[in-house]
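Chemist: how does the following fold in three dimensions:
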Amino acid sequence: MQLFHLPPALRNRRFATFQAGLILSNIGTQMQVTALLWHLRLLNENPIVVSGIGLARFLPVLLLAPIGGLVADTLDRRKIIFITQITMTMVAAGLGILTISGLIQVWHIYALSLLNAAALAFDIPARQSLSPNLVDKRDLTSAMSIQSIGFNTGSIVGPALSGLVIAYLGLQWVYLINAISFIAVLIVLIVIGPVKQKTKKVIGDFSASFVAIREGFNFVIKHPIIFPSMILDFFASFFSSANTLMPFIARDLLHLNEVGYGWLSAAQSIGAVLMGFVISQRNRIRRQGPILLLAVFLFGLFTVAFGLSRSFWAAFITLILVGAGDDVSTILRNTIRQLNTPDHMRGRMISLTAIFFQGGPQLGEIEAGLVAQALGIPFAIISGGVGCLFVVGLVIWRYPQLRSYDEVTNTSATS
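Modeler: Numbering: from 1, shown residues only. This next block holds a predicted model:
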């Protein structure tokens, strides 16, 4: 009996090609994310400095994500990704040039992060809506796990490489490498060719556009499964934003150099990739609701353990476990949402959920910086984990349909 086999979604050549390009690009992106936090720590030793970047990343998502979702439902998603990837290339190049010149300041990082987040407000709905257009519905769980593996592979390799590049070449090279990495996605978009999608013709008519955005909002808010999964996602990630404070943990608590910081930043994604590989072997998972809730509970529990860690290996292992729990949650949330959303509504659904899954961690960065500044870094992490556990209990009590949800039998989607 064969223990492992090629995940079903990877038998689709165009999907596999698309994901390969995204992995290469995401390695550069995660290098930059890791470097930015380290750069902020070098420019300012106060933990509250991370609050500013959280705000810069959140505001564009809040203001532009609904528009980005409508654009993804009305225009060619592949062309949208072309434009957003070129914009993010320019941001990375700008960071590199400013660092080389020695002129870079904290406000430059905030401003360019704001522009990058604005591009992401359009990129995320288009990119995540494109994958279901490339695979059969029966392979969607496999596709979501492969997508998660790809993202988290970049989140392992990127931070690890970032630490090495910062230590031996300098921060500017991280930004320049990221700028180059976006070329991979541009090439892949050309290779896969046009992708069929169902569209909604409203662009150009303001009133129709507003109605279409409201239609997407009502769909998400009133859905008995998608909405509680969003609530769970938002508050869990809001309270448990451990990675935001990683430069301060590595440098000030564990006394690590750039290389140690890079590996610690990669630990959570190591657990996510291992778990994602296991899930990718399955077409479907039964009792998704209860498993989702358990995964988020473990995510919060291991976050508390991470906050109590006082050595590199204790922190590294607990972060691997945090990542494993987070990955199960991410895959199941994405699968549930995609399966319960029609294609012509998918971009708007993803854009609105982006406010939750992007806004949670980014507002969490603001919260983490403020709490760490006032009460200390360990308290900020431990209290965040406890907050996550409280949210799981609240969702179990308030939304019983989620705790009984099973996509195979669809027991709660219409309840």
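Chemist: so how far is the longest helix seen in the chain from its chain's centroid?
Modeler: Longest helix in the chain by number of residues (criterion: DSSP state H): helix 13-43. Chain-centre distance of helix 13-43: 11 Å, with Cα atoms, centre = their mean, to the nearest Å.
Chemist: list the buried residues for that helix?
Modeler: 15-41 (16 or more other Cβ atoms under 10 Å). In this view, the C-beta of every residue, glycine as well, is placed from N, C-alpha and C.
Chemist: stretch 94-105 now?
Modeler: Those would be Gly94, Leu95, Gly96, Leu98, Thr99, Ile104, for stretch 94-105 by 16+ other Cβ under 10 Å.
Chemist: same thing with stretch 373-380?
Modeler: Those would be Gln373, Ile377, Pro378, Ala380, for stretch 373-380 by 16+ other Cβ under 10 Å.
Chemist: can you tell me which of these are in strands?
Modeler: Among the buried residues of stretch 373-380, DSSP state E puts none in strands.
Chemist: from these, which land in helices?
Modeler: Gln373, Ile377, Pro378, Ala380.
Chemist: I figured the last one hits Ile249, correct?
Modeler: Going back to what we said before, that points to Ala380. No - between Ala380 and Ile249 there is no contact under Cβ atoms under 8 Å: 10.1 Å.
Chemist: okay, now the unreliable bits of this protein?
Modeler: 1-6, 141, 197-213, 241-243, 280-286, 346-347, 354, 356-360, 362, 406-415 (pLDDT under 70).
Chemist: do a quick rundown of the strands in it.
Modeler: So, for the chain - with DSSP E - there are no strands.
Chemist: the nearest residue to Ala295 once chain neighbours are set aside and Ser269: what is the separation?
Modeler: Spatially, and ignoring its direct neighbours in sequence, Ala295 is nearest to Val328 (3.8 Å; Cβ to Cβ, 6 or more residues apart in numbering). Separation of Val328 from Ser269 (Cβ to Cβ, to the nearest Å): 14 Å.
Chemist: the two: which is more packed in?
Modeler: For Val328 versus Ser269, neighbours defined as other Cβ atoms under 10 Å are more numerous around Ser269 (29 against 26).
Chemist: ok, now which ones touch the residue nearest to that one when sequence neighbours are not counted?
Modeler: Excluding its sequence neighbours, the residue lying closest to Ser269 (Cβ to Cβ, 6+ apart) is Ser155, at 3.4 Å. Ser155 makes contact with Asn26, Gln30, Ala266, Gln268, Ser269, Ala272 under the criterion Cβ atoms under 8 Å, 6 or more residues apart in numbering.
Chemist: the third one: neighbouring residues, count only.
Modeler: For Ala266, the count of nearby residues is 26 (other Cβ under 10 Å).
Chemist: surely it meets Pro159?
Modeler: Yes - with contacts counted by Cβ under 8 Å, Ala266 reaches Pro159, the gap being 4.2 Å.
Chemist: what sits against the residue nearest to Arg41 when sequence neighbours are not counted?
Modeler: In this structure, Arg41 finds its nearest non-sequential neighbour in Pro247, 4.0 Å apart by Cβ to Cβ, 6+ apart. The contact partners of Pro247, by Cβ under 8 Å, 6+ apart, come to Leu37, Trp38, Leu40, Arg41, Tyr261.
Chemist: which of those lies closest to Ala368?
Modeler: Distance ranking of those against Ala368, using Cβ to Cβ, places Leu37 first at 11.5 Å.
Chemist: so how far is Gly54 from that closest one?
Modeler: 11 Å.
Chemist: same thing with Leu112?
Modeler: 15 Å.
Chemist: quick one, which of those two is more surrounded?
Modeler: Just comparing Leu112 and Gly54: by other Cβ under 10 Å the higher neighbour count belongs to Gly54, 23 against 20.
Chemist: right, and that one touches Gly364 too?
Modeler: Yes - using Cβ under 8 Å, Gly54 is in contact with Gly364, at 7.1 Å.
Chemist: what sits in contact with each of these two?
Modeler: With Cβ under 8 Å, 6+ apart as the test, Gly54 and Gly364 both reach Thr244.
Chemist: burial measure for Ile86, as a count.
Modeler: 13.
Chemist: check contacts around it.
Modeler: With Cβ under 8 Å, 6+ apart, Ile86 has these contacts: Phe182, Leu186.
Chemist: now the helices for the stretch 1-150 of the chain?
Modeler: Using DSSP state H, counting those that start in this stretch, the helices found in the stretch 1-150 of the chain span residues 13-43, 49-74, 77-101, 106-134, 140-168.
Chemist: would you turn the ones you listed into CSV with distance to Asn218?
Modeler: Compiled in CSV, these are given as follows (distance: least, Cβ to Cβ, whole Å):
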stretch, distance to Asn218
helix 13-43, 31
helix 49-74, 12
helix 77-101, 23
helix 106-134, 17
helix 140-168, 24
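Chemist: between these, which gets nearest to Leu321?
Modeler: helix 140-168 (14.1 Å).
Chemist: show me what counts as buried in that closest one.
Modeler: 140-166.
Chemist: Phe15 against Val135, yeah?
Modeler: Yes - counting by Cβ under 8 Å, Phe15 touches Val135, with 5.2 Å between them.
Chemist: overlap in contacts, those two.
Modeler: Contacts common to Phe15 and Val135, judged by Cβ under 8 Å, 6+ apart, are Ala9, Ala143.
Chemist: related to what we said a few turns ago, which residues are in contact with both of Leu37 and Gly54?
Modeler: With Cβ under 8 Å, 6+ apart, Leu37 and Gly54 have common neighbours Thr244.
Chemist: about what we covered before: what packs against the longest helix of the chain?
Modeler: helix 49-74, helix 77-101, helix 106-134, helix 140-168, helix 171-192, helix 246-248, helix 258-280 (3 or more Cβ pairs under 8 Å, 6 or more residues apart in numbering; DSSP states H and E).
Chemist: tell me which of these sits nearest to Gln288.
Modeler: Per Cβ to Cβ, nearest to Gln288 of these: helix 140-168, 9.0 Å.
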